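Enquirer: next input, structure requested:
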Amino acid sequence: MERTNLPAHSLLKLLIAIVLLATAGCTSLFFQPTHTRYPYLELDRLIATTKTLTSKDGTPLKAWVFDSTANIKQYGKQPVIPKKGVALQFHGNAENMTSHYRFMIWLLFEGWDVITFDYRGYGDSEGSPSKLSGVKEDGIAALQFAEALASEIGKPLVVFGQSLGGNIAVAALSEYQPPSLSLLILDSSFYSFRSIAKEKLGSVWFLWPLQPLGYALVSNALGAGPILESDKTRAAFKNMRALFLHSTNDPVVSYRQGDLLYESYPGPKLRMTTDALGHVNALADDRIRRRTAQVMESPAKEFPSDP
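Expert: Okay, the predicted model is just below:
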C-alpha cells in the first residue's frame, strides 16, 4: 500500500483544528445553558416569586426570589426564624436556576431570603452568553436587584458564587459593590479561564505540546484571579470579606485552581476545605455548613473564631 504524507501546511491546519476543537470544548464547558424548566420547585414544595431583571443592554433576565418566612411557614416549622439577610446565588455553568437553586435551600431555614437568577441564554432569560461583557452586566443587574431587597429589609447581603458563577460574581463586583454587602462566598471556583483551559488540554496526552496555543486562544475577560490581581480592580476587594470553599477531591475544578484563586484574593479571607468527592460539594459537609452559617451571621468586618 502506498503511504501518503500530509504536506506541512495541511498538518499545521489539522493541529490548529484540533486545538480549536479542544478550546471550543473548554468554552462550552464554561457555558452549557439549558431552557428546560426542571420540576424540583414543585417537588420541594417551595414558594418562589418570579422577577424580571434588565441587563444594561436591555436583555431581560429571569430571577426567583425565595422569602424565608413564607417558606418556613409552608413547611409548618415553628417558630418562624427572624430574617437574617439576603443571599444572592451566582450559579454554575450547566442547566439553569430551576435546578441550581437547590444548593441554597438550606439557607431559607436559617432565616435568609434567597435570590437566584439566570444569565443571558439560560432558562427563560433572553440573549446568549457568548458575549462575556454581557454576562458581567447580567451579574451587575442581579447585584443591584439584591441590594434593593437587602436595603428594603435592612439586612446584610451575601453573594454566593459557585464554580463558574464565582468568576462572574467577581467580575460584577469589580464594577459595583453593593452597600449592604457583608460577605462574598466562592464555592469551587477557578482562578481563570485560561488556566483551567490549559489544565484541561494538559489532560489529553496528544495535546500536551499545544497547551500554550490553546491557552492563548481562550478569553480571560471574566477570569477572577486576574481581576483580583489587577491594579485597576484590586482595590474594590481590599475590604471585602471572602469565604472560600473547595474539595480536595473535586473532579471538575481542581483544588489547585481554588488555591490559586485564594492566594490572589487581596482582602480579608477564610478558607474551608473538605475531602468529599464531588464538585460544589463542600456544603454537604455538616461541619462546613455550620461554620458557613456562622460566618454569614458575623459582623461584616471580621471573621468569627472557631467554636
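
Enquirer: how much space separates P179 from A148?
Expert: Distance from P179 to A148, counting by CB to CB, to the nearest Å: 11 Å. For glycine as for every other residue, the C-beta is placed from the backbone atoms N, C-alpha and C.

Enquirer: now do L260
Expert: Taking CB to CB as the measure, L260 falls 34 Å from A148.

Enquirer: higher neighbour count, those two?
Expert: More neighbours surround L260 than the other of L260 and A148, with 17 against 13 (other CB atoms under 10 Å).

Enquirer: roughly how far does that one sit from P33?
Expert: According to CB to CB, L260 stands 26 Å off from P33.

Enquirer: and T273, by the same measure?
Expert: T273 sits 30 Å away from P33, taking CB to CB as the criterion.

Enquirer: low-confidence regions, the stretch 1-150 of the chain specifically.
Expert: For the stretch 1-150 of the chain, the stretches flagged by pLDDT under 70 are 1-29.

Enquirer: helices of that one, residue ranges please.
Expert: Along the stretch 1-150 of the chain, the segments classed as helices by DSSP state H, counting those that start in this stretch run 8-30, 40-44, 68-74, 97-100, 105-108, 132-153.

Enquirer: buried sites along the fifth one?
Expert: So the one you mean is helix 105-108. The neighbour-count check on helix 105-108 (16 or more other CB atoms under 10 Å) flags L107, L108 as buried.

Enquirer: go on, the third one?
Expert: Residues of helix 68-74 classed as buried by neighbour count (16+ other CB under 10 Å): S68, N71, I72.

Enquirer: for the stretch 51-200 of the chain, what spans make up the strands?
Expert: 60-66, 85-90, 94-95, 112-117, 157-162, 181-187 (DSSP state E, counting those that start in this stretch).

Enquirer: and the ones you listed as CSV, adding mean neighbour count?
Expert: Listed next are those as CSV, based on neighbours: other CB atoms under 10 Å:
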stretch, mean neighbour count
strand 60-66, 21
strand 85-90, 28
strand 94-95, 18
strand 112-117, 26
strand 157-162, 27
strand 181-187, 25
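
Enquirer: nearest to A293, out of these?
Expert: Checking the strands of the stretch 51-200 of the chain against A293 by CB to CB gives strand 112-117 as the closest, at 8.9 Å.

Enquirer: mind listing the strands that closest one pairs with, and their directions?
Expert: Looking at strand 112-117 with DSSP bridges, its partner strands are strand 60-66 (antiparallel), strand 85-90 (parallel).

Enquirer: relative to helix 132-153, how tilted is the longest one?
Expert: This means strand 60-66. Interaxial angle of strand 60-66 relative to helix 132-153 (axes from the mean of the first three to the mean of the last three CA atoms, to 10 degrees): 40 degrees.

Enquirer: which residues are in contact with strand 60-66?
Expert: By CB atoms under 8 Å, 6 or more residues apart in numbering, the residues outside strand 60-66 that reach it are 46-55, 97, 101, 104, 108, 113-120, 123-126, 138, 141-142, 145, 149.

Enquirer: buried subset of those?
Expert: Listed as buried from the contacts of strand 60-66 are 46, 48, 53, 55, 97, 101, 104, 108, 113-120, 123, 125, 138, 141-142, 145, 149; burial here means 16+ other CB under 10 Å.

Enquirer: may I see the buried residues of stretch 245-254?
Expert: Residues of stretch 245-254 classed as buried by neighbour count (16+ other CB under 10 Å): L245, H246, S247, D250, V252, V253, S254.

Enquirer: taking those residues one by one, which sit in strands?
Expert: Secondary structure of the buried residues of stretch 245-254 is defined by DSSP state E; positions in strands are L245, H246, S247.

Enquirer: quick check: closest non-adjacent residue to the first one.
Expert: Counting by CB to CB, 6 or more residues apart in numbering, the nearest residue to L245 once its immediate chain neighbours are dropped is A282, at 4.0 Å.

Enquirer: OK, contacts around S99?
Expert: Shown in contact with S99 (CB under 8 Å, 6+ apart): Y38, Y40.

Enquirer: as TSV, the buried residues of stretch 245-254 with distance to P156 and pLDDT would be great.
Expert: Listed next are the buried residues of stretch 245-254 as TSV, based on distance: CB to CB, whole Å; pLDDT from 0 to 100:
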residue	distance to P156	pLDDT
L245	19	98
H246	24	97
S247	27	95
D250	29	92
V252	30	89
V253	28	91
S254	32	90
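
Enquirer: burial count for K83?
Expert: Residues lying near K83 (other CB under 10 Å) number 15.

Enquirer: from here on, call the first residue 586.
Expert: All right, first residue 586 from here; so that's K668.
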